[in-house]
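Chemist: Just need the structure, nothing else, for what follows:
(chains A and B)
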Amino acid sequence: GQNIDQPTEMTATEGAIVQINCTYQTSGFNGLFWYQQHAGEAPTFLSYNVLDGLEEKGRFSSFLSRSKGYSYLLLKELQMKDSASYLCAVRDSTDSWGKLQFGAGTQVVVTP
Amino acid sequence: DGGITQSPKYLFRKEGQNVTLSCEQNLNHDAMYWYRQDPGQGLRLIYYSQIVNDFQKGDIAEGYSVSREKKESFPLTVTSAQKNPTAFYLCASKETGTGNTIYFGEGSWLTVV
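Modeler: Got it, this is the predicted structure:
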């Protein structure tokens, strides 16, 4: 099984940077995903890490350390539309079905 | 356009009734999933299917049933045995291969009245 922990809520100002941490404990590991979910909507894919290091996509970056069971999502130049819940999800390497286990999500509130 | 279509978007169920949520995808994905989300909580896996006519229970399958008669379709029935069915239900699909991303439909809100 897996235990995935991320902070419940974070608040930041428009234009600032926010870092959302995610720690996980798994019996195996085969990738970590970040999703963005606006209230009442479906999650949308942001990033995927399977090897250690930083993946950058525009204003969003995601980092992974497999030895530490740790990832973070970095949101730069925050915009009001970035106010959403950010979900960390892990794929267990023992799982041949490829299903994901999700954390509870981090609600990011961007203020003017 | 390709995608995952869920219907209905909003559904009200009376106590003791079974209801079925539809999920259709035209992405030619092999794997399909149903997740449940409660307010302020993460997604929990109900059922998943890798191929037609085969499916597996997830973490919270009690009170739910599914079928996979066609590759494109994976309907979820919420039965009267599910004691607390009010939630947001998300269908998802994925290409074969563990490195591929799961994509979600728009979700269905189910409320018991």
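Chemist: Got the confidence number for B:Ser80?
Modeler: The predicted local distance difference test score for B:Ser80 is 88.
Chemist: B:Gly2 too?
Modeler: According to the model, B:Gly2 scores 66 on pLDDT.
Chemist: what do you get for B:Thr96?
Modeler: The confidence metric pLDDT takes the value 73 at B:Thr96.
Chemist: That one reaches B:Ala31, doesn't it?
Modeler: Yes. Judged on C-beta atoms under 8 Å, B:Thr96 makes contact with B:Ala31 at a distance of 6.8 Å. (Each C-beta comes from the backbone N, C-alpha and C, glycine too.)
Chemist: who touches both of the two?
Modeler: With C-beta atoms under 8 Å, 6 or more residues apart in numbering or on different chains applied, the overlap between the contact sets of B:Thr96 and B:Ala31 consists of B:Gln50.
Chemist: ok, those two, which is more surrounded?
Modeler: Set side by side, B:Thr96 and B:Ala31 show unequal neighbour counts under other C-beta atoms under 10 Å in any protein chain shown, the larger going to B:Ala31 at 20 against 11.
Chemist: do you know how far that one is from chain A?
Modeler: As judged by C-beta to the nearest C-beta, to the nearest Å, B:Ala31 and chain A stand 6 Å apart.
Chemist: and the closest residue in space to B:Ser73 that isn't next to it in sequence, which of the three is it?
Modeler: Leaving aside its chain neighbours, B:Ser73 sits nearest to B:Glu24 (5.4 Å; criterion: C-beta to C-beta, 6 or more residues apart in numbering or on different chains). Three states are possible here, and by DSSP: H, G, I helix; E, B strand; the rest coil the one that applies to B:Glu24 is strand.
Chemist: Tell me the residues of chain B that contact chain A?
Modeler: B:31, B:33, B:35, B:40-45, B:48, B:50, B:56, B:58, B:88, B:90, B:94, B:97-107, B:109 (C-beta under 8 Å from any C-beta of the partner chain).
Chemist: Quick check: residues of chain A near chain B?
Modeler: Contact residues, chain A versus chain B (C-beta under 8 Å from any C-beta): A:4, A:30-31, A:33, A:40-45, A:48, A:50, A:87, A:89, A:91, A:93, A:95-105.
Chemist: surely A:Lys57 meets A:Phe45?
Modeler: No. Taking contact to mean C-beta under 8 Å, the distance of 10.5 Å between A:Lys57 and A:Phe45 leaves them out of contact.
Chemist: In terms of packing, which of these two has more residues around it?
Modeler: Counting neighbours by other C-beta under 10 Å for A:Lys57 and for A:Phe45 shows that A:Phe45 has the greater number, 14 against 9.
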